[in-house]
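K.L.:
Next come a sequence and a model predicted from it.
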Amino acid sequence: MKTLKLTVLGLGLLLSGTAIAQKGDPNMSDKWVTTDFEKTELNNGKGDRYFVKQFVVTEVYTPVMLDPADKYKLNQDIIYMPAQVTKKIRLDNDTDAAYDSFVEFNYTKPVKGDVNFTLTNEGIVINAEDSSVSIDKITDKTAVMHKDVNNIMKEGNYTLSLSNGEEIDVKVSNYSRM
């Protein structure tokens, strides 16, 4: 009788542990943070070149979920959602301890490649990471009439049209420059 009770208790614990494992974590994700400190040589448009220090913190958050078709199966397939990227850039033009400009970007990472943001005194310059892809158009969606711009000069929502046909919605916030 004692053996029967222990067997039933053991099976109960095993089944409850399996049920908990099947449910999964609804907040599963793949998140990583990188920091990069680089000295960049910039051109002011008049032929003068100068060096600036740029500190970039990149957070990439990839939400994942289990395939609903595999519900209650032991080995469920993982579905990766588009990666959400937050980049914080701080720019130092001189030798003092404080940063002169800073900005924050939020966007969904494109399927192929990525975009690089460079903070300058004239605004924000955006380039594609892949040399075969270029930025065709930047549209300011915060304007009353959506208008095309060459550089981002203020906070707001923008759409980047790439030469490979992809479009990236970028939110620019906390933009401060001296």
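P.N.:
Right, received. Where do you want to start?
K.L.:
buried residues in stretch 91-102?
P.N.:
Neighbour counts using 16 or more other CB atoms under 10 Å place 91-93, 99-102 of stretch 91-102 among the buried residues. For the C-beta atoms, the positions are set from N, CA and C on the backbone; glycine is no exception.
K.L.:
The residues you listed: which two are farthest apart?
P.N.:
Asn93 and Phe102 (12.2 Å; CB to CB).
K.L.:
for this structure, what's the longest strand?
P.N.:
The single longest strand within the chain, with elements called by DSSP state E, is strand 49-66.
K.L.:
what stretches of this structure score poorly on pLDDT?
P.N.:
1-29, 42-45, 95, 178 (pLDDT under 70).
K.L.:
before we move on, the earlier item: what helices or strands is the longest strand of the chain leaning on?
P.N.:
In terms of contacts (3 or more CB pairs under 8 Å, 6 or more residues apart in numbering; DSSP states H and E), strand 49-66 is packed against strand 29-43, strand 78-80, strand 84-92, strand 115-120.
K.L.:
Only the C-alpha atoms, please, for the third one, written as PDB.
P.N.:
Extracted as PDB, the C-alpha positions of strand 84-92 are listed here (Å, rounded to 0.1, in the frame of the first residue of the first chain):
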ATOM      1  CA  GLN A  84      13.400  45.300 -32.600                       C
ATOM      2  CA  VAL A  85      16.500  47.500 -32.400                       C
ATOM      3  CA  THR A  86      17.200  50.400 -30.100                       C
ATOM      4  CA  LYS A  87      20.300  52.400 -30.700                       C
ATOM      5  CA  LYS A  88      21.500  55.200 -28.500                       C
ATOM      6  CA  ILE A  89      24.300  57.400 -29.900                       C
ATOM      7  CA  ARG A  90      26.300  60.000 -28.000                       C
ATOM      8  CA  LEU A  91      28.700  62.300 -29.900                       C
ATOM      9  CA  ASP A  92      31.600  64.200 -28.500                       C
END
